[in-house]
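> The following comprises the amino acid sequence and a computationally predicted model.
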Amino acid sequence: MSYKNEILLDVFKSKSIERPPIWVMRQAGRILPGYRSVRSSVSGFKELVQNPDLIAEVTVEPLHVLGVDAAILFSDILVIPESMGLDYEIVEKKGPVFDKVISSPSDIENLNYGESVLDKLQYVFESIHKTKKRINGSNPLIGFSGAPWTLFAYMIEGTGSKTFSKARRFLYEHPKSSHLLMEKITDSIIYYLNEKIKCGVDLIQLFDSWAEMLPVNQYLEFSLPYIKRIFQETNDVPKIFFPKGAWSVIPHLKDVKMDAISIDWKTSPEYIRHHLGESIIIQGNLDPCQLYGTPEEIGLAAEEMMKVMGRNHIANLGHGVYPDTSSDHVKVYIDTVKGYRYS
Ligand code: CP3
């Protein structure tokens, strides 16, 4: 498949490009007027996230309004726990809340997992077809999933947490059951991502948003083997991994079959290149709070970031854009990247 603008795919083919490609995590969200109006026309987040027509509409908005190089399919990482049997709601000012959680090993027995989650996720696959039609060959489409540990954390906590201590406690108290749950989540993710790829997403990103919560030994035992399986067992499209905040596990990621690593604003590209080499593509890593600065400051910070990153870089933020950020400021960032030229 070729697109009018495929600079995001070119970077993975080692083609010579004149500037880094750019997209922004959470670009399809509350920063955009179209999203806010669609969001206020429905009863809640769940109604939006399960409606393929509305998904297609909010997914393409950033292409037109912000001018990013790729769209990311509007969805959420929590659709997987839900397809496994744990329903959630997004509560205003609080975030995700699950009505049922995994509180003991026996709760893991009854979970739906593997190929059978696909039935419950048909709306996602239908939304890919609708979105591809709307994009009409202009740009690539990114698909994503949460990583096993991050989903495990929500399935046990039932909501966000400063410490994720219930989920971490479960690892210590029930190591065998923890592996079983990680396995069930991993099997589900692999089927889910492969089906997304079959439906036409051009690349994928795995979000390990709570990677930083685990000590290295636990990350190596309970998370990394499953991450490796996901990158091994998913079909051949470019793959990005975002182990947010987990700088101490970076040296252990050498044999993960990923093409790019997304880094937050606290990790330096020098550190990544030292451990993972020159050929890995680095995505990131402007501090989302930088976008609260003046347009001049944003432009200077973006240029500085691109100089430090060099080639093999996808411009993005170090984490999702905060919902109260001015979309004009996000556009200054995007325009600065699009106007930049490698020397
Ligand atoms: O990047 C994009 O534009 C695609 C959309 C996207 C959403 N969630 C939409 C969303 C993506 C990639 C996600 C992933 C996601 N969801 C992650 C991983 C990325 C990260 O931020 O670390 C996580 C941890 C979640 C779980 C989640 N979903 C939270 C914590 C929240 C509440 C956040 C908030 O701003 O209220 C959600 C809900 C959610 N998912 C919203 C959006 C736009 C806001 C809900 C709304 O509009 O009511």
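Happy to help now that I have it.
> Can you give me the neighbour number for Ala315?
26 (other CB atoms under 10 Å). From N, CA and C alone the C-beta is placed, and that goes for glycine too.
> From the ligand, how far out is the closest residue to Val101 other than its chain neighbours?
Leaving aside its sequence neighbours, Val101 sits nearest to Gly158 (CB to CB, 6 or more residues apart in numbering; 3.9 Å). As judged by CB to the nearest ligand atom, to the nearest Å, Gly158 and the ligand stand 13 Å apart.
> List phi and psi for Gly158.
Dihedral pair for Gly158: phi 80, psi 0, per degrees, to the nearest 10.
> I'd say it and Val91 touch.
No: look at Gly158 against Val91 with CB atoms under 8 Å: they stay out of range, at 11.7 Å.
> which residues touch the one residue in the stretch 101-250 of the chain that gets nearest to the ligand?
Using CB to the nearest ligand atom, Ser209 is the residue of the stretch 101-250 of the chain that sits closest to the ligand, at 3.1 Å. Counting by CB atoms under 8 Å, 6 or more residues apart in numbering, Ser209 touches Ile77, Gly146, Thr150, Phe242, Lys244, His319.
> For it, grab phi and psi.
Per degrees, to the nearest 10, the backbone of Ser209 is at phi -60, psi -30.
> do the same with Gly143
For Gly143, the backbone dihedrals (degrees, to the nearest 10) come out as phi -110, psi 160.
> name the element the nearest residue to it once chain neighbours are set aside belongs to?
Of all residues not flanking Gly143 in the chain, Val201 sits nearest, at 3.2 Å (CB to CB, 6+ apart). Per DSSP states H and E: Val201 is located in neither a helix nor a strand.
> wait, isn't Val201 in contact with Leu141?
Yes: in this structure, Val201 is within contact of Leu141 by CB under 8 Å, at 5.2 Å.
> Next, show the common contact partners of these two.
What both Val201 and Leu141 touch, as defined by CB under 8 Å, 6+ apart, is the set Leu73, Ile128.
> rewinding a little: redo the contacts of Ser209 as CSV? Include secondary structure.
Converted to CSV, the contacts of Ser209 look like this (DSSP: H, G, I helix; E, B strand; the rest coil):
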residue, secondary structure
Ile77, coil
Gly146, strand
Thr150, helix
Phe242, strand
Lys244, coil
His319, coil
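> Can you narrow these down to the ones near the ligand?
Among these, proximity to the ligand is found for Ile77 (CB under 6 Å from any ligand atom).
> can you pick the most crowded of the contacts of Ser209?
Going by other CB under 10 Å, Phe242 tops those with 27 neighbours.
> Run through the strands of the protein in chain order.
For the chain, applying DSSP state E gives strands covering 71-72, 88-91, 95-98, 141-146, 203-208, 239-243, 260-262, 281-286, 313-317.
> Need the winner for burial among those.
Of all the strands of the chain, strand 313-317 has the most neighbours on average by mean count of other CB atoms under 10 Å, namely a mean of 26.
> Go ahead and name everything in contact with that one.
Under CB under 8 Å, 6+ apart, the answer for strand 313-317 is 8, 11, 20-25, 240, 260, 262, 265, 269, 281-288, 291, 302, 305-306, 309, 337.
> Report the angle between the lengthiest helix in the chain and strand 239-243.
The helix that spans the most residues within the chain, counting by DSSP state H, is helix 175-199. Interaxial angle, helix 175-199 versus strand 239-243 (axes from the mean of the first three to the mean of the last three CA atoms, to 10 degrees): 140 degrees.
> Show residues contacting helix 175-199.
By CB under 8 Å, 6+ apart, helix 175-199 touches 73, 80, 83-84, 102, 105, 108, 111, 113-115, 117-118, 121, 124-125, 128-129, 132, 143, 145-149, 151-152, 155, 170-171, 204, 222-223, 226, 229-230, 233-235, 237.
> change it to 6 Å
Residues from elsewhere that reach helix 175-199 (CB atoms under 6 Å, 6 or more residues apart in numbering): 80, 105, 108, 111, 113-115, 117-118, 125, 128, 143, 145, 148, 151-152, 170-171, 204, 222, 226, 229-230, 233-235, 237.
> Also stretch 144-159?
77, 80-81, 86, 97-98, 101-102, 164, 166-167, 170, 181-182, 185-186, 189, 193, 205-210, 223, 226.
> So for Ile90, what's the nearest residue that isn't a sequence neighbour?
Leaving aside its sequence neighbours, Ile90 is closest to Phe45 (3.8 Å, by CB to CB, 6+ apart).
> Around that neighbour, how many other residues sit close by?
Neighbours around Phe45, by other CB under 10 Å: 17.
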